[in-house]
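*Asks:* Here is my input, please return the structure:
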Amino acid sequence: MTDTLRALRLYASPVFLHENPTLISAAVYIVITALSLRHQLPGHPDSLRDIGIFWWLAQQSLFTSLCCQYWRQVRSPLSPMFPRLIAAEYRAIHIMLALGLVLMAVPAVMHGLPLLNVLALESLNLSLSTGSDLVGPKILRPRLRKARTAVVFGLFVIFMLPTMQDRLMQAPWFVALALLAVALPASLVELHHSPFAHPGDSGPALPAARPGRKPPHATFLALARVLMWQPPALRAMPLPNGLASGAPLGLFVQSALIFVAATAFMLLVGGLGTLHMPTPHDGRQAATAALGQVVMLGAVALPNWMLSRRDWPFLLSLGPFGARVDFARALYRAHAGRAIMAGIILSLFAALAASLIGLVPPLRALAAWPALAAVIVGASYLPSLAVLSPATNRPGIMLLLSMLGSTAGLQLYTDVLFDKPPVPPLLWGLPVAAAAFALLMARLAPRTLARADWPIEPPAL
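*Replies:* Modelled structure (predicted):
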């Protein structure tokens, strides 16, 4: 009991508060969810449409921040010497996650939704947020499990939609109970940690090359070269990996695949929930929601280069940049080229898809193309606000601004542009404000970034 209390006290320690990038996001999303409860929209009784996106993101951020502390403790190089520490941390994370489940159930219960269904949806999010290969210090994580990561990311994005959340809220009690019976044990199994290696355990070592592996076919190599072609300006100088990538045709094909997969998955889940074949109206609704996912998934990685700066001093020393401010300007020039390219391609795909499936008339789709492109570019500069002050120049705040811009803002704006009702005139002015904001940040942020300390975050994160 004493060991468990000591482990619980660490969740109120400076280490938990300062070295946890998702804790700030959790606090902000919880506040937004609480404010949304006071301003419910009419016509949405017993629904999560008023709070669904931010409530879901608040759960994910809170559960991830708690698990980050747990994995930091049990994966420490010293943990094998203290088996009582590992057992105490395992008990403590159970208590903290149970409190988190209760806390995050309050907004949905206040909406009048059934508690069992609410806990089932929360348990699903919990199982998606406890991955030992996705949470915690990167240098202590095991090898990434690609199949599980793809499933986790897909389910997280799909169930972030209030429509999918409402379907689960309307499911019978035995469906919710079955989901609880699967998701909660999966979370507990994922959190179980042994500091000693087991045969077959996936470690950080790279797999050995397979003997007798056939070389790729020439057609496959040619197709890969076409899809991965990059503009020369993005690969002319040694820049961080997040900026040195960007393939126009590959991004367009990726958007098409995500659009088809997300639409098909939502139709499948909807058909299983209603036990009826999807109608054309259901297909259009699923396609409308999938457009937001396409834009979000394509834009969410644009500001990632700001979050990891450990290699910047080496790139500054080895590259033809000169002073620190010249290097910072080169970073932002590369970011501008990549953001503009992604904005044009993502918005073009969204406009073409919305017009072809009959969501909006062609003229409205044509007007939405540059509008959405400008907002995508502006949202990619939103984390630069954190650079302007030493107090906010932290990865956690940058991550929060990035998530607010891409995960929430872009999805909502995409839904408004390609929905049937007319777009409010004020929202047509948002692209102008986004473009002006991007130009302002491109001018102010490099000079401030050059005066900051590199690296900003500890090497373990």
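
*Asks:* which residues are in contact with the worst-scoring helix or strand of the chain on mean pLDDT?
*Replies:* Using mean pLDDT, DSSP states H and E, the weakest-scoring helix or strand in the chain turns out to be helix 218-227, at a mean of 70. By CB atoms under 8 Å, 6 or more residues apart in numbering, the surrounding residues in contact with helix 218-227 are 216, 247, 249, 250, 253. Any C-beta I mention is one placed from the backbone N, CA and C, and that applies to glycine too.

*Asks:* Please name the residues that touch residue 379.
*Replies:* Residue 379 neighbours (CB under 8 Å, 6+ apart): 299, 405, 406, 409, 410, 434.

*Asks:* Which helix or which strand is home to it?
*Replies:* helix 362-380 (DSSP states H and E).

*Asks:* Now tell me what touches the very next helix or strand once past that helix from outside.
*Replies:* Per DSSP H and E, helix 362-380 leads on to helix 395-402 as the next helix or strand towards the C-terminus. Residues outside helix 395-402 that contact it (CB under 8 Å, 6+ apart): 20-25, 28, 300, 303-304, 306-307, 382-383, 385-386, 456-457, 461.

*Asks:* which ones among these are found in helices?
*Replies:* 21, 22, 23, 24, 25, 28 (DSSP state H).

*Asks:* Output those residues in CSV; the columns should cover neighbour count.
*Replies:* Shown next, in CSV, are the ones in helices among the contacts of helix 395-402 (neighbours: other CB atoms under 10 Å):
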residue, neighbour count
21, 20
22, 24
23, 21
24, 21
25, 26
28, 19
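
*Asks:* can you name the two of these that are farthest apart?
*Replies:* Of all pairs drawn from the ones in helices among the contacts of helix 395-402, the greatest distance, 12.5 Å, lies between 21 and 28 (CB to CB).

*Asks:* Can you give the distance from stretch 410-422 to the centre of its chain?
*Replies:* Mean-position distance between stretch 410-422 and its chain equals 20 Å (CA atoms, centre = their mean, to the nearest Å).

*Asks:* what stretches of the stretch 301-450 of the chain score poorly on pLDDT?
*Replies:* Residue ranges of the stretch 301-450 of the chain with pLDDT under 70: 420.

*Asks:* let's see 90
*Replies:* Applying pLDDT under 90 to the stretch 301-450 of the chain flags residues 301-328, 330-331, 333-334, 337-338, 354-365, 367-368, 386-430, 449-450.

*Asks:* sorry, back to before: tell me which residues in the helix holding residue 379 are buried?
*Replies:* Residues of helix 362-380 classed as buried by neighbour count (16 or more other CB atoms under 10 Å): 364-365, 367-380.

*Asks:* Let me know the secondary structure of residue 130.
*Replies:* Using DSSP: H, G, I helix; E, B strand; the rest coil, the structure places residue 130 in coil.
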